[in-house]
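J.: quick one: sequence and predicted model below, then my questions.
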Amino acid sequence: MPKIDELQLAKELIRFPSITPTDAGVMGYLEKKLKSLGFKNKILTFTEKNTKPVKNLYARLGNKSPNLCFAGHLDVVPPGNTKDWTINPFKPAIKKGHLIGRGANDMKSSIAAFVSAISKYVSQNKFNGSISLLITGDEEGIAVNGTKKVVDYLKRKKEKIDFCIVGEPTNPNKLGEMIKIGRRGSMNGKLIIHGVQGHVAYPHRAKNPVTSIIKILNEFKNIKFDTGTKDFQPSNLEITKMDINNHAENVIPAIASATFNIRFNNKHTSNSIKNKLNKVIKKISSKDKVKFEINYRVSGEAFLSKPNSTTFMIRDVVKQITKINPKLSTTGGTSDARFIRKITPCLEFGLVGKTMHKIDEAVSIIDLKKLTKIYETILKNYFN
């Protein structure tokens, strides 16, 4: 059985310009690598109305339980202005002990580390159980044709996963600082207030929607949702956009709109937050005699994967190899763990996230080798 070098594989994966939802051939390339290790693979392509098709991969080695799964994504964000990069973002290069390229950090390198760890572990050990990979091409995008649909497929197939490691870059500054065991929920809202257009000199003949939307947004910002919990930071609402689209200085506009995002902990659900916000909107719009529209889009509910013996084993492995005691945390944005936790306990652990989505995204080669060692030791401990 071939032993796969993590650095070489990371470079090979970065060479595919797999900007969401474009696959660019990367899923087929990884599928061939896994086949060489004895995996049985299924490439799953999903699409939905008004969306582009997305390729995903579910691969499994072995047919016994327990089944330890590794999850990640091969899609990347756009590189931005390529002239700002010191290299071509899809022609990876090594500089000052770092591998540079789009996806080096988030998260092609951690997929390479896990595949390399499997190749090393399986070539030296007979194991009782299964190792699987759930790899998507729709994590950086709208995430409707990716992990969410793979999870539904696995449920239909009655495929049991006993524990899952999501390889997102979880560490703020140093490898070993942080393991994610949950995430806050995320919900976007778009509020539109319909007033009556008119001349600014005759406000009694108009109805200014800006006045009402400012009152509503001000009340939103003054809501104290909670003070946080033992596991979660406080919930917060941020206004992200306001649009009045009025080009005349002497006209009261007819419409004002705003978008906002709420990150909420497990004291709330998206529905309980909606109810709270809708009361404010109805109260003020009714008093001001204006009409409103409100649309919400939920990216994910808050969740906490209660730590179990596997969680603590992984924490001990990370501490043993990095000499840092990792914090079990729920900070940061959303990740595909929000879908996976519906079918299995999971945690997230990967590289240092400092350069993700940035120009000259990079991974320390020392960190990449250590992460491979961590994943290999987790495999040994889990199956032995």
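T.: Yep, that arrived.
J.: for stretch 3-22, what does the pLDDT average out to?
T.: Stretch 3-22 carries an average pLDDT of 97.
J.: with just CA atoms, put that stretch into PDB.
T.: The C-alpha trace of stretch 3-22 is given here as PDB (Å, rounded to 0.1, in the frame of the first residue of the first chain):
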ATOM      1  CA  LYS A   3       2.400   5.900   1.700                       C
ATOM      2  CA  ILE A   4       1.200   9.400   0.700                       C
ATOM      3  CA  ASP A   5       3.300  12.500   1.500                       C
ATOM      4  CA  GLU A   6       1.100  15.200   3.000                       C
ATOM      5  CA  LEU A   7       3.100  18.100   1.500                       C
ATOM      6  CA  GLN A   8       3.000  16.600  -2.000                       C
ATOM      7  CA  LEU A   9      -0.700  15.900  -1.800                       C
ATOM      8  CA  ALA A  10      -1.500  19.400  -0.500                       C
ATOM      9  CA  LYS A  11       0.400  20.900  -3.400                       C
ATOM     10  CA  GLU A  12      -1.400  18.700  -5.900                       C
ATOM     11  CA  LEU A  13      -4.900  19.600  -4.400                       C
ATOM     12  CA  ILE A  14      -4.100  23.300  -4.400                       C
ATOM     13  CA  ARG A  15      -3.300  23.200  -8.200                       C
ATOM     14  CA  PHE A  16      -7.000  22.600  -8.900                       C
ATOM     15  CA  PRO A  17      -8.800  26.000  -9.100                       C
ATOM     16  CA  SER A  18     -11.800  24.600  -7.300                       C
ATOM     17  CA  ILE A  19     -13.600  27.900  -6.500                       C
ATOM     18  CA  THR A  20     -17.100  27.200  -5.200                       C
ATOM     19  CA  PRO A  21     -19.100  25.500  -6.800                       C
ATOM     20  CA  THR A  22     -16.500  24.600  -9.600                       C
END
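J.: so how far is that stretch from its chain's centroid?
T.: How far stretch 3-22 lies from its chain's middle: 19 Å, per C-alpha atoms, centre = their mean, to the nearest Å.
J.: same check on stretch 223-240?
T.: The answer for stretch 223-240 is 19 Å, by C-alpha atoms, centre = their mean.
J.: span of that stretch from start to end?
T.: 17 Å (C-alpha to C-alpha, to the nearest Å).
J.: now the residue sitting nearest the centre point of the chain, what are its backbone angles?
T.: With the centre of the chain defined as its mean C-alpha position, the nearest residue by C-alpha atoms, centre = their mean is S335, 2.5 Å away. Backbone torsions of S335, given as degrees, to the nearest 10, read phi -150, psi 170.
J.: tell me the pLDDT of the closest residue to V352 other than its chain neighbours.
T.: Spatial nearest neighbour of V352, excluding adjacent residues (C-beta to C-beta, 6 or more residues apart in numbering): N171 at 4.5 Å. To be clear about C-beta, it is placed using only N, CA and C from the backbone, and glycine gets the same treatment. Note on N171: pLDDT of 97.
J.: so N171 touches G353, yeah?
T.: Yes - applying C-beta atoms under 8 Å, one finds N171 in contact with G353, separated by 6.5 Å.
J.: by contact count, what packs against the host helix or strand of K369?
T.: Using DSSP states H and E, K369 falls within helix 365-383. Where contact means 3 or more C-beta pairs under 8 Å, 6 or more residues apart in numbering; DSSP states H and E, helix 365-383 is packed against helix 6-14, strand 67-73, strand 98-100, helix 108-124, strand 163-166, helix 309-322.
J.: what is the rounded mean pLDDT of it?
T.: Helix 365-383 comes out at a mean pLDDT of 98.
J.: just stretch 105-117 next, same as before
T.: Per-residue scores along stretch 105-117 average to 98.
J.: for that stretch, what is the distance to the chain centroid?
T.: Its chain's C-alpha centre and that of stretch 105-117 lie 16 Å apart, by C-alpha atoms, centre = their mean.
J.: the stretch 1-150 of the chain: helices as residue ranges?
T.: 6-14, 26-36, 108-124, 147-156 (DSSP state H, counting those that start in this stretch).
J.: great, nothing more from me.
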